[in-house]
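> Need coordinates for the below:
(chains A and B)
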Amino acid sequence: MSGGLEVLASGPLATVQDLGRPGHGGWGVPGGGAADRAALRLANRLVGNPEGAAGLEVTLGGLQVRAAGSLVVAVTGARAPATVDGAPVDHRAAVRLPAGATLALGTPPTGLRSYLGVRGGLDVPAVLGSRATDVLSGLGPAVLAAGDRLPVGAADGAVPPVDVAPRRDPHGGEVTLRLRLGPRADWFPADARSALTATAWTVTPDSNRVGLRLDGPPLERAHDDELPTEGLMAGAVQVPPSGRPTLFLADHPVTGGYPVIGVVLDGDLDVAGQLRPGQRVRFRAVANRDLSTAGGVGT
Amino acid sequence: MRLLPYGDRGVLVELADLDAVLGLHAALAADPPAGVVDLVPAARTLLVRLDPAVASVAAVAAAVRAVRPVPDVDRDGGQVEVPVTYDGEDLDEVARRTGLDVDGVVAAHTGQTWTVAFAGFAPGFAYLVGEDDRLRVPRRDDPRTRVPAGAVGLADAFSGVYPRVSPGGWQLIGRTETSMWDPDRAPPALLTPGMRVRFVVAS
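Now for the predicted structure:
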């Protein structure tokens, strides 16, 4: 261990995250990991870590950590104003954190989740190959609390000579997510399928890392049969009997019993992971391949 | 077998019954096609997750179609014995609903071989299917906010053991000391799809 972070304040919710624990769905374990994977990857690259090293996911700012030993850190994702011992420091840039210095994050004006990469990565114990906290399954380290001490691993390789990485801040207004209809789109009448893409859905406050609950006109079902439990993955838009969809995120349940009307594309999940309660979201359906005649020709 | 698209990272394979699910799952788990990163078996479906950087949905769909399911006789998921103390809070209710008395419920639960159909709900929570419908009961109308770890329950066609304290709506008939989930064990889940389970009365 080359140092550590002492948590002075955690804000509304701060967790340790990496790129998750894929490959264990058959044991009831979801993928988990950072809700905005691109932001965590960038934070790690900026401090010279492998992209999958563990960092902190900080929801709506409020984090204060003190460095035990000299550290190099980077803040990415939602632009929470960052200070070191009160002096402002750059977003999306490697920042030296001298021993005993305190890094504090304010509330980001847009977006929900900021990421703190630490050179060497957070060296908390891994569960099934991942250090990520899964708030639904209870795997990984506990949600951060004041007084926690997080060990930092040894770093190798150089810090890349990047002043500031240009990347767009999360959008604060209405966003559009691409989705493919299915697998259970046929459980809904045509008007419900058009309502899905015609509606500006509102993200409700009871959203979290498990999923975004969306408010809008309830989607009707074509029939009331029970769907046998089936597998779920991040991006799935599931419609419970209330007719108000849930868009599942990283800590989704592995299986569910309500029909999934469509699935958000992998490339748009990081955007979904930054949506705040009250924000509007639209879905744009993109073409689906017909799998009924899937041949050997890869595309 | 019907293949349904699941976004750009998955294929949901719809099958005739649980045996077909387990047969296809066993074949794909033994020799996963390129790009397949996870398999989630369920009652009538197998969700095949893929890495879009390695293989397309169409290529994985074609590979799944080409797989020969492992026939039931070749499946060797192993067998495990789970000792149960039958003193669950819903035991009388289950006896009433099934028309069996309490001893009859215990005899039916211990007297058949259960098969792990799939996992879900929580790490290590296995959905077990039995050999007959004697113990088929609905979920509780009013789910409990706190079910203790090790609680043995029934719901619909399934039996299961809660791996840790959690909310839950299953009818509780007993409890076991056997650990369903231990991250330090390999594999951490005691019960994995295809495995056979016998419940016995704890001595």
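> Report the rounded mean pLDDT for stretch A:53-61.
The average pLDDT for stretch A:53-61 rounds to 98.
> now do stretch A:83-100
On average, the pLDDT along stretch A:83-100 is 97.
> for stretch B:169-182, same thing?
Averaged over stretch B:169-182, pLDDT sits at 96.
> in that stretch, what counts as buried?
Neighbour-count burial for stretch B:169-182, counted by 16 or more other Cβ atoms under 10 Å in any protein chain shown, picks out B:Trp170, B:Gln171, B:Leu172, B:Ile173, B:Gly174, B:Arg175, B:Thr176, B:Thr178, B:Met180, B:Trp181. All C-beta spots, glycine's among them, are computed from the backbone N, C-alpha and C.
> Bridge partners for the fifth one, pull those for me.
On the basis of DSSP bridges, B:Gly174 is bridged to B:Val152.
> before we move on, back to that, can you put the buried residues of stretch B:169-182 in a markdown table and add distance to A:Gly62?
Listed next are the buried residues of stretch B:169-182 as a markdown table, based on distance: Cβ to Cβ, whole Å:
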| residue | distance to A:Gly62 |
| --- | --- |
| B:Trp170 | 38 |
| B:Gln171 | 43 |
| B:Leu172 | 40 |
| B:Ile173 | 45 |
| B:Gly174 | 45 |
| B:Arg175 | 41 |
| B:Thr176 | 42 |
| B:Thr178 | 42 |
| B:Met180 | 36 |
| B:Trp181 | 33 |
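> what about the nearest residue to A:Trp187 once chain neighbours are set aside, neighbour count?
In space, and not counting its chain neighbours, A:Trp187 is closest to A:Pro259: 4.2 Å by Cβ to Cβ, 6 or more residues apart in numbering or on different chains. Other residues near A:Pro259 come to 21 when the count uses other Cβ atoms under 10 Å in any protein chain shown.
> What about residue 64, how many residues nearby?
Picked chain A for this. For A:Gln64, the neighbour count with other Cβ under 10 Å is 17.
> oops, chain B please
For B:Val64, using other Cβ under 10 Å, the count is 21.
> which SSE is it in?
Element membership of B:Val64, judged by DSSP states H and E, is helix B:57-66.
> Which strands or helices does that helix pack on?
Contact here means 3 or more Cβ pairs under 8 Å, 6 or more residues apart in numbering or on different chains; DSSP states H and E; on that basis helix B:57-66 packs against strand B:2-5, strand B:10-14, strand B:45-50.
> thinking again about what came up before, show me which of the buried residues of stretch B:169-182 is closest to A:Asp270.
B:Trp181 (30.0 Å; Cβ to Cβ).
> out of the buried residues of stretch B:169-182, what pair is the most spread apart?
Using Cβ to Cβ, the two most remote members of the buried residues of stretch B:169-182 are B:Gln171 and B:Trp181, lying 21.5 Å apart.
> where do the strands sit along the stretch 101-250 of chain A?
Applying DSSP state E, counting those that start in this stretch to the stretch 101-250 of chain A gives strands spanning A:102-105, A:113-118, A:149-152, A:175-181, A:201-203, A:211-215, A:230-231, A:236-238, A:246-248.
> Chain B is nearest to which of these?
For the strands of the stretch 101-250 of chain A, the distance to chain B is smallest for strand A:230-231, at 2.8 Å, taking Cβ to the nearest Cβ.
> From the contact counts, what lies against the closest one?
strand A:255-256, strand B:45-50.
> hmm, back to that, distance to A:Trp201, mean pLDDT and mean neighbour count added to the helices and strands packed on helix B:57-66, as JSON lines?
What follows is these, written out as JSON lines (distance: least, Cβ to Cβ, whole Å; pLDDT from 0 to 100; neighbours: other Cβ atoms under 10 Å in any protein chain shown):
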{"stretch": "strand B:2-5", "distance to A:Trp201": "22", "mean pLDDT": "94", "mean neighbour count": "20"}
{"stretch": "strand B:10-14", "distance to A:Trp201": "23", "mean pLDDT": "97", "mean neighbour count": "25"}
{"stretch": "strand B:45-50", "distance to A:Trp201": "25", "mean pLDDT": "96", "mean neighbour count": "26"}
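> As a markdown table, those with distance to A:Val164 would be great.
Below are the helices and strands packed on helix B:57-66 laid out as a markdown table (distance: least, Cβ to Cβ, whole Å):
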| stretch | distance to A:Val164 |
| --- | --- |
| strand B:2-5 | 40 |
| strand B:10-14 | 37 |
| strand B:45-50 | 35 |
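> if we compare these, which one ends up closest to A:Asn44?
strand B:45-50 (23.7 Å).
> low pLDDT regions in the stretch 1-150 of chain A?
Residue ranges of the stretch 1-150 of chain A with pLDDT under 70: A:1-2.
> Kindly apply the preceding question to chain B instead.
B:72-76.
> And the strands in it?
B:2-5, B:10-14, B:36-41, B:45-50, B:79-84, B:114-119, B:126-129, B:144-147, B:151-155, B:158-161, B:166-168, B:171-175, B:196-201 (DSSP state E).
> Quick one: list the elements packing against the last one.
In other words, strand B:196-201. Contacts defined by 3+ Cβ pairs under 8 Å, 6+ apart place strand B:196-201 against strand B:79-84, helix B:102-110, strand B:114-119.
> Quick one: closest of those to chain A.
strand B:114-119 (3.6 Å).
> And the closest one, what does it pack against?
On a contact count with 3+ Cβ pairs under 8 Å, 6+ apart, strand B:114-119 meets helix B:18-30, strand B:36-41, strand B:126-129, strand B:196-201.
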